[in-house]
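Visitor: got a structure for you, letters missing:
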């Protein structure tokens, strides 16, 4: 009794062929007005609702975009998804949102699920455990438009593959330069998995900013850690136990959760922030304004990233003349939002570093 009415059910009730019913519902010119009226009345009576997935399977492509993110917690990915959903809805697309939970195997399975659902295109930010990219190559070979955002696969090229990323190098360079301007001379960097392009670029921006200002890159002040509060706390705890001349007086963390963990540990160990230790993160999560003191961070243009990814994917879909735009990378410029966690009392105050 609860089974969804189908076109076949309508056809049996009306004594028509399923193809006639389908054309009538689509307002096809070959079906008479009287038949269209009968079909619509029966559809209303039987509470018929079209199945967009089934229609997509018949056409070989649905009107749905698949979106795969590492997680939907925090601020960054929900904001990017908001940008994606807003832009997709305005363009007449539905959105299927999935998360990999930073698990490479789950990511692979989800991509397969999306392909089986005949999605019109896929937007993905890769899991931090992904090092085999064969499943993305299969998407490319199938001709389904694929757009990476935030976390892209370096060196992955080919038709119908594009990316919308942030200039992570520039953001890291600017925030490190900001710490230097505050008087910091031993700046630590807490980073994560080295195979992730975003983290490599942030680390390089940090290193180049130090070099540009004549400061040494001390190996003891560069640490890989879990990208969460516990990881940041543990990594900074080790550094703050160095002898005073080796301790950092500033720290740039590759994300805000790591920075919050470091901030909490510094205060637990009796260090004043920012007087003894200036701290900055990356992402401009919503909680950065709620920490004590509020956390300096790099804004990632979340909603703009999501909107731009959809716009780029739409250009990769066949137009009325079956033509497609060539894929290309789009790099957004970050902003450094300066707050109290990195401001020394005798240094100049600025609300924002870097141009739009």
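Guide: Noted; the coordinates are in hand. If you're wondering where the values come from, they're calculated on a predicted model, not measured in any experiment.

Visitor: can we go C-alpha only for contacts and neighbour counts from here?
Guide: Noted.

Visitor: For the chain, give me the ranges with low pLDDT.
Guide: Judged against pLDDT under 70, the low-scoring parts of the chain cover residues 1-3, 51-61, 154-161, 319-327, 345-356.

Visitor: the helices in it, which residues?
Guide: Remark: helices assigned in the chain by DSSP state H are 7-14, 18-25, 33-45, 52-59, 76-90, 104-116, 134-142, 168-181, 197-212, 229-240, 256-268, 302-316.

Visitor: Including distance to residue 65 and mean neighbour count, could these go into TSV?
Guide: Shown next, in TSV, are those (distance: least, C-alpha to C-alpha, whole Å; neighbours: other C-alpha atoms under 10 Å):
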stretch	distance to residue 65	mean neighbour count
helix 7-14	25	17
helix 18-25	24	18
helix 33-45	28	15
helix 52-59	12	14
helix 76-90	8	19
helix 104-116	9	17
helix 134-142	13	15
helix 168-181	26	23
helix 197-212	24	20
helix 229-240	33	20
helix 256-268	29	23
helix 302-316	9	22
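
Visitor: Between these, which one is closest to residue 128.
Guide: Relative to residue 128, the nearest member of the helices of the chain by C-alpha to C-alpha is helix 104-116, separated by 7.8 Å.

Visitor: Next, the angle from the closest one to helix 134-142.
Guide: Orientation note: helix 104-116 sits at an angle of 20 degrees relative to helix 134-142 (axes from the mean of the first three to the mean of the last three C-alpha atoms, to 10 degrees).

Visitor: who does helix 104-116 touch, helix- and strand-wise?
Guide: When contacts are defined as 3 or more C-alpha pairs under 8 Å, 6 or more residues apart in numbering; DSSP states H and E, helix 104-116 packs onto strand 64-69, helix 134-142.

Visitor: how far is it from where the chain is centred?
Guide: 17 Å (C-alpha atoms, centre = their mean, to the nearest Å).

Visitor: who touches it?
Guide: Among residues not part of helix 104-116, those counted as contacts by C-alpha atoms under 8 Å, 6 or more residues apart in numbering are 66, 68, 98-100, 122, 126-131, 135, 139.

Visitor: Which one of the residues you listed is nearest to residue 224?
Guide: Distance ranking of the contacts of helix 104-116 against residue 224, using C-alpha to C-alpha, places residue 128 first at 13.4 Å.

Visitor: Could you count how many residues lie near residue 213?
Guide: 12 (other C-alpha atoms under 10 Å).

Visitor: rewinding a little: ok, the contacts of helix 104-116 vs residue 310, which is closest?
Guide: Checking the contacts of helix 104-116 one by one against residue 310 (C-alpha to C-alpha), the nearest turns out to be residue 122, at 9.5 Å.

Visitor: Correct me if wrong: the closest one contacts residue 144.
Guide: Yes: counting by C-alpha atoms under 8 Å, residue 122 touches residue 144, with 7.4 Å between them.

Visitor: Those two: who's more crowded?
Guide: Comparing residue 122 with residue 144 by neighbour count (other C-alpha under 10 Å), the higher total belongs to residue 122, at 25 against 22.

Visitor: Check the gap between that one and residue 38 for me.
Guide: To residue 38, residue 122 is 39 Å away according to C-alpha to C-alpha, to the nearest Å.

Visitor: can you check residue 219 too?
Guide: When distances are taken as C-alpha to C-alpha, residue 219 and residue 38 turn out to be 78 Å apart.

Visitor: Kindly report the same for residue 82.
Guide: Using C-alpha to C-alpha, one gets 41 Å for the distance from residue 82 to residue 38.
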